[in-house]
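>>> Attaching a predicted model along with its sequence, questions to come.
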Amino acid sequence: MMSNVEVSYLKEDLRPPFVLSDVKGAYFSRLKAQHALNVPTFTLSDVEDFSVQQSAPLSDTRFESMKKGKALDPFLYVQPLIV
């Protein structure tokens, strides 16, 4: 669980602040993450039991399993599973 965390950079970075791959159980609450325009806060691939809450501008989101690509929120991108 990550709670009350702020992530920022000194020089613009085009990578998402959080990249999760092959993860079971990821809980985020009250995050502030600086990111470049059109870069999602999260990029996920093969993630189970994911939750993000009270982390504006992200919508509160929870899902049990996400294995294939699907955009859930403008700031949350689920990457297609590459085999």
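Alright, I've got the coordinates. Residues are numbered from 1 along each chain as shown.
>>> By mean pLDDT, which helix or strand of the chain comes out lowest?
Of all helical and strand segments in the chain, the minimum by mean pLDDT, DSSP states H and E falls on strand 70-73, at a mean of 53.
>>> hey, where'd the strands end up in this protein?
Using DSSP state E, the strands of the chain run over residues 2-7, 18-33, 42-53, 61-66, 70-73, 76-78.
>>> helices or strands up against the first one?
If I follow you right, that is strand 2-7. strand 18-33 (3 or more C-beta pairs under 8 Å, 6 or more residues apart in numbering; DSSP states H and E). C-beta: built from backbone N, CA, C; applies to glycine.
>>> Give me the residues contacting the strand it packs on.
For strand 18-33, contacts defined as C-beta atoms under 8 Å, 6 or more residues apart in numbering pick out 1-8, 17, 41-55, 58, 79.
>>> on that earlier part again, for the strands of the chain, which has the smallest mean pLDDT value?
When those are compared on average pLDDT, strand 70-73 comes out lowest at a mean of 53.
>>> ok, residue 65 to residue 59 distance?
Noted for residue 65: a distance of 19 Å to residue 59, by C-beta to C-beta, to the nearest Å.
>>> Neighbour count: these two, which is higher?
Set side by side, residue 65 and residue 59 give different neighbour counts by other C-beta atoms under 10 Å, the larger being at residue 59 (13 against 10).
>>> pLDDT score for that one?
At residue 59, pLDDT is 85.
>>> I'd like to know how far the residue most central in space within the chain sits from residue 9.
Nearest to the mean C-alpha position of the chain, counting by C-alpha atoms, centre = their mean, stands residue 42 at 2.2 Å. Distance of residue 42 to residue 9, computed by C-beta to C-beta: 16 Å.
>>> on that earlier part again, now list the buried members of the contacts of strand 18-33.
Of the members of the contacts of strand 18-33, the ones counted as buried by neighbours, 16 or more other C-beta atoms under 10 Å, are 17, 41-47, 50, 52, 55, 58, 79.
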